[in-house]
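1. what's the 3D shape of this:
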Amino acid sequence: MATSSTFALTFNGKKKLIPFSHIAIRLDRRDPLAIAKEEILPGVIVSADQPGLPFDRLEINQKIPAGHKFALRSLALGEEILRYGCRIGVASALIAPGDWIHTHNLDVGDLARNFEIQTVPTGSPQAAVNRHFMGFPRPRGLSGTRNYILVVSTVNCSAQTARAIAQTFSPEMLAAYPNVDGVLAITHSTGCSIPAGSLAQQYLQRALINLIDHPNVGGILFTGLGCEVNQMADLVEARRAQAEEGPGACQIGPYLTLQELGGIEATITAGRQAVRDMLPQVNLSQRVPVPLSSLKVAVQCGGSDSWSGVTANPLIGKVADQLVASGGTVVLSETPEIYGAEYLLTSRVTSQAVGEKLVERIKEWQAQAELLGVSLDNNPSPGNKAGGLTTIFEKSLGAVSKGGSTPLMRVYEYAEKIDCPGLVFMDTPGNDPVSVTGQVAGGCSLVLFSTGRGSVFGGSIAPCLKVASNTPTFQHMTGDMDYDAGTILAGKPMEDAAWDLLDLVIRAASGSPTRAERIGYREAEFVPWQPGIVL
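-> Down below sits the predicted model:
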């Protein structure tokens, strides 16, 4: 790609004409705007080299940052502005051809929401991908991408104890157990001073107790203080009584509380011994070829830019379609980040009940926002806006594309166990660690995460593959990024990129470490959703 200075050159005293296709992308023939591939300086003359453009020559009036929008024709005050052929807002000022379009002249405006529900037949239009990955077989037909022992803190008061137990088992100490990928501490900052029976407690308990059945977990040990609101001993014992036995079954250690055992040091000693007792049995699990149908993949986006909805998110959507066609499960989430684009999902649900549940969640988020006196359009972060995303509708249209094109099978509450194959939705906040924690607690064993600005989220328990929306971000943060979707802007066919990314998914699911895993385990990124007040 040419540098930005190229776009302001003159030739024999005349301004140089730059072909439109060299410097910009128009995503839909109905769009009155285009996206700059790189920074364009004022005074550049753009020539129409594609059919359907509403100009022969167009002069750029202001500097257009890379990934930002500029007008292809005049836009009147209050006129709807489209991207992807869909409304992203209205002109808040008169916009001339060649003007930069952003927060100064584009606003959300009033929108009559479309909550129409359309049901479609169950099933994927694509042929199944005849591929396998090397996974750890578990009971009930599940397969893990990793084989961990977890030391779980049920309250923040026992978090340091959980860390001390887990940190004992270094790679050197685990060398005798080659099929164990690690001993990890799962900690968080809550568990007390929350109302008993509240959503906060329900979400926390669900997120923690469902780890027992997670396909990446071969053994688990719970630690608590003893007097906390988040009492979980009975839940653990009930799950222990229901636990499957046999090869690959999760080993559930004793429930350890500091007050009962006599403090931190005694609990650490007991915890270390409990893990040592688990190791031989957990090590019996081995990787074997398993079908893609046993894979549950969470799809996420964070640190998005304007290219996220052009390259990385649609690319993840293509891979999602391939996984669903093979019988696998793809979990879309981040409810505030589908706001304004939910009709793309309600128009392809498999039942009226599924559509109604998604609409119910959207309306609940609207009600909560109004109660707190905030707008869901505040969702695009300053970084999102600096990257070219102006409104929540623009961001949401790109975010929904991560879910591909297959029917929406089910809608789950936060951290619920996912038991339905195909494309499903989980109600979560847009915050990446909180959202991924819910998806992983639901059973996702791998995360596909797109980013444009450069998120460094790495995940916990489930390996996280980072897909950069543009080549400069991929090259600048190469130690954190796993795949460069910017090659699509340079001409690589989307279908070819999708096969490449699917290959990467299979390698990561089979044990190849992600970039994030090479840096180290992200203990601080397990963050259960805690709505409500702290008492």
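2. What number of residues are in the vicinity of residue 496?
-> Residues near residue 496, counting by other Cβ atoms under 10 Å, number 11. Just so you know, the C-beta spots here come from the backbone N, C-alpha and C atoms, and that holds for glycine as well.
3. Check the secondary structure at it for me.
-> Three-state call for residue 496 (DSSP: H, G, I helix; E, B strand; the rest coil): helix.
4. Give me the distance between it and residue 315.
-> 10 Å (Cβ to Cβ, to the nearest Å).
5. same check, this time on residue 324
-> For residue 324 relative to residue 315 (Cβ to Cβ), the value is 15 Å.
6. what phi and what psi does the backbone show at residue 86?
-> Note on residue 86: its backbone torsions stand at phi -120, psi 150 [degrees, to the nearest 10].
7. hmm, back to that, out of residue 324 and residue 315, which sits in the more crowded spot?
-> Between residue 324 and residue 315, residue 324 has the larger neighbour count (other Cβ under 10 Å), namely 30 against 26.
8. tell me the secondary structure for that one?
-> Secondary structure state of residue 324, per three-state DSSP, is helix.
9. pLDDT score for it?
-> Predicted confidence (pLDDT) for residue 324: 95.
10. Let me see the confidence value for the closest residue to it other than its chain neighbours.
-> Closest residue to residue 324 apart from its sequence neighbours, by Cβ to Cβ, 6 or more residues apart in numbering: residue 406 at 4.6 Å. Looking at residue 406, its pLDDT stands at 95.
11. Residue 406 against residue 421, yeah?
-> No - the pair residue 406 / residue 421 is not scored as a contact, 10.6 Å apart, by Cβ atoms under 8 Å.
12. neighbour-wise, which of the two wins?
-> Higher neighbour count among residue 406 and residue 421: residue 406, with 23 against 18, using other Cβ under 10 Å.
13. lowest-pLDDT helix or strand in this protein?
-> Least confident helix or strand of the chain, by mean pLDDT, DSSP states H and E, is strand 10-11 with a mean of 45.
14. Look up how far residue 174 lies from residue 163.
-> Note on residue 163: its distance to residue 174, by Cβ to Cβ, is 17 Å.
15. check contacts around the most centrally placed residue in the chain.
-> Residue closest to the mean C-alpha point of the chain, counted by Cα atoms, centre = their mean, is residue 300 at 1.2 Å. Neighbour list for residue 300: 333-334, 402, 432, 435-436, 439, 447-450, 457 [criterion: Cβ atoms under 8 Å, 6 or more residues apart in numbering].
16. cool, and residue 191?
-> With Cβ under 8 Å, 6+ apart as the criterion, the residues that contact residue 191 are 153-157, 204, 224, 228-230.
17. Now rank those by neighbours and give me the top one.
-> Highest neighbour count within these: residue 154, with 30 neighbours (other Cβ under 10 Å).
18. Leaving out chain neighbours, which residue sits closest to that residue?
-> Residue 154's closest residue in space is residue 224 (Cβ to Cβ, 6+ apart), at 4.2 Å.
19. Touching, the one you found and residue 257? I think so.
-> Yes - counting by Cβ under 8 Å, residue 224 does reach residue 257; the two are 4.8 Å apart.
20. between the two, what contacts are shared?
-> What both residue 224 and residue 257 touch, as defined by Cβ under 8 Å, 6+ apart, is the set 158, 233.
21. ok, back up a step: from residue 449, how far out is the residue nearest to residue 324?
-> From residue 406 to residue 449 the distance is 20 Å (Cβ to Cβ).
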